[in-house]
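K.L.:
sequence unknown, structure follows:
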């Protein structure tokens, strides 16, 4: 059965677009990539980066995050009111409750600090997260 990677992002969709692009590079056409943006700008950017399909808004995320065998995104997608309020409590709850394995990029947020996380360039974090997503769906070596 074909696996699905869901990428969730908000604001400008920059991190999500990078995750989509790197995941597509690693999995090719062997998996579906679904872009879920808190707004249409984020979704559009992820679609342009290579997602197969996408949807925007709170309800779309709440419903469609369940499609993923893996859910990729910045850590803010599990924190209510992060991304300047774009991640609502119901979106954060839906992402945390998704059946798929969560692979989160530790991106700084204004209202919490991640202690013990070493500073790594964003490109390296994106590559590591996409590689982990590919491993989780059985499309790359562990």
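P.N.:
Right, received. Where do you want to start? Everything numeric here is computed off the predicted structure, so don't read it as measured data.

K.L.:
which residues touch residue 36?
P.N.:
6-9, 43, 54-56, 60-61, 64-65 (CB atoms under 8 Å, 6 or more residues apart in numbering). Heads up, the C-betas are built off the backbone N, CA and C, glycines and all.

K.L.:
let's go with 10 Å and repeat that
P.N.:
Counting by CB atoms under 10 Å, 6 or more residues apart in numbering, residue 36 touches 6-10, 16, 42-43, 46, 51, 53-57, 60-65, 67-68, 71, 73, 77, 91, 94-95.

K.L.:
Whichever helix or strand it is part of - which strands sit beside it in the sheet, and in what orientation?
P.N.:
Taking DSSP states H and E as the criterion, residue 36 maps to strand 31-37. As defined by DSSP bridges, the strand partners of strand 31-37 come to strand 3-9 (parallel), strand 53-56 (parallel).

K.L.:
continuing past the first one, what's the next helix or strand?
P.N.:
Moving toward the C-terminus from strand 3-9, the next helix or strand (DSSP H and E) is helix 14-27.

K.L.:
Specify the angle between that following helix and strand 3-9 in degrees.
P.N.:
160 degrees (axes from the mean of the first three to the mean of the last three CA atoms, to 10 degrees).

K.L.:
quick check: mean pLDDT across helix 14-27?
P.N.:
Helix 14-27 shows a mean pLDDT of 96.

K.L.:
and that helix, what other elements does it pack with?
P.N.:
With contacts taken as 3 or more CB pairs under 10 Å, 6 or more residues apart in numbering; DSSP states H and E, helix 14-27 sits against strand 3-9, strand 31-37, helix 40-48, strand 70-74, strand 101-105, helix 122-136.

K.L.:
Off-centre distance for the longest one?
P.N.:
Which is helix 122-136. Relative to the centre of its chain, helix 122-136 is centred 11 Å away, using CA atoms, centre = their mean, to the nearest Å.

K.L.:
Turn the helices and strands packed on helix 14-27 into a markdown table, columns for distance to residue 20.
P.N.:
Output for these, formatted as a markdown table (distance: least, CB to CB, whole Å):
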| stretch | distance to residue 20 |
| --- | --- |
| strand 3-9 | 5 |
| strand 31-37 | 6 |
| helix 40-48 | 5 |
| strand 70-74 | 8 |
| strand 101-105 | 13 |
| helix 122-136 | 9 |
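
K.L.:
Cool, thanks, signing off.
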